[in-house]
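Colleague: structural data only, the sequence is not supplied:
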């Protein structure tokens with residue numbers, strides 16, 4: 001991947017992903033997600049969000065509808081999720097996949113021409129990551145544990161989406177055949193960055 005590809009450079013995602021490729025199999029893009037989230041959307045999800053908000057300070061109700069913002073539900077400052085799965089009553093494929101990522105640890109998401117593959121990075125114990133020896137270990141490719149595959153036949157559409165109230169933040173959106181899907185930020189809210197990821201997803205050269 002190009003050196004200016006933020007989503008592929010964080011923690012060496014592309015380097016890790018290539019260890020899982022078969023001979024000659026292309027990699028379209030890869031990113032590490034340290035945090036994943038899940039949103040229930042549509043009328044049912046909105047009703048549940050309002051019910052939850054009414055039990056809190058009224059001024060926090062607006063936060064319940066700010067998906068993919070630095071201020072999550074409940075109003076406590078936090079970091080945004082790198083990958084958000086969303087679903088609704090009649091479309092729950094993405095929710096089932098996201099649930100396979102828990103307990104949450106660093107996950108690798110990699111798109112190939114025929115599937116989206118997700119694996120979990122196996123990190124060393126914390127005590128082994130300290131000191132000079134640990135710093136050297138950090139530069140190595142970590143072992144990966146496969147979690148699941150999403151066949152390309154389940155991916156209905158790829159596009160660049162946006163969210164935000166006071167500032168527009170962009171992400172790569174992957175919609176599945178049942179209307180559920182995923183939003184990828186993985187380190188960047190820049191529109192040009194995600195338009196490039198979209199082009200790679202559709203087969204553009206690196």
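Modeller: Yep, it's here. On a predicted model such as this, the values are computed, not experimentally measured, just so you know.
Colleague: isn't residue 149 right up against residue 116?
Modeller: Yes. With contacts counted by Cβ atoms under 8 Å, residue 149 reaches residue 116, the gap being 7.0 Å. In this view, the C-beta of every residue, glycine as well, is placed from N, C-alpha and C.
Colleague: who's more crowded, the two?
Modeller: residue 116 (21 against 15; other Cβ atoms under 10 Å).
Colleague: beta partners of that one?
Modeller: As for beta bridges, residue 116 partners with residue 111, residue 150 under DSSP bridges.
Colleague: what's the closest residue to residue 98 other than its chain neighbours in contact with, if anything?
Modeller: Residue nearest to residue 98 in three dimensions, not counting chain neighbours: residue 85, with 3.6 Å by Cβ to Cβ, 6 or more residues apart in numbering. The contact partners of residue 85, by Cβ atoms under 8 Å, 6 or more residues apart in numbering, come to 36, 37, 38, 39, 94, 95, 97, 98, 180, 181, 182.
Colleague: looking at those residues, which is nearest residue 28?
Modeller: residue 182 (14.8 Å; Cβ to Cβ).
Colleague: which strand residues bridge the closest one?
Modeller: Note on residue 182: beta-bridge partners by DSSP bridges are residue 85, residue 174.
Colleague: that one against residue 94, yeah?
Modeller: Yes. Between residue 182 and residue 94 there is a contact under Cβ under 8 Å: 5.8 Å.
Colleague: joint contacts of these two?
Modeller: Residues touching both residue 182 and residue 94 (Cβ under 8 Å, 6+ apart) are 85, 86.
Colleague: between these two, which is the more surrounded one?
Modeller: When neighbours are counted by other Cβ under 10 Å, residue 94 comes out ahead of the other of residue 182 and residue 94, with 26 against 23.
Colleague: in contact with the nearest residue to that one once chain neighbours are set aside, which residues?
Modeller: Residue nearest to residue 94 in three dimensions, not counting chain neighbours: residue 180, with 3.7 Å by Cβ to Cβ, 6+ apart. Residues near residue 180 by Cβ under 8 Å, 6+ apart: 85, 86, 87, 88, 91, 92, 93, 94, 95.
Colleague: show me those that map onto helices.
Modeller: Mapping the contacts of residue 180 onto helices (DSSP state H) picks out 93, 94, 95.
Colleague: let me know the pLDDT of the second one.
Modeller: This means residue 94. At residue 94, the model reports a pLDDT of 96.
Colleague: who's in contact with it?
Modeller: The contact partners of residue 94, by Cβ under 8 Å, 6+ apart, come to 85, 86, 87, 176, 180, 181, 182.
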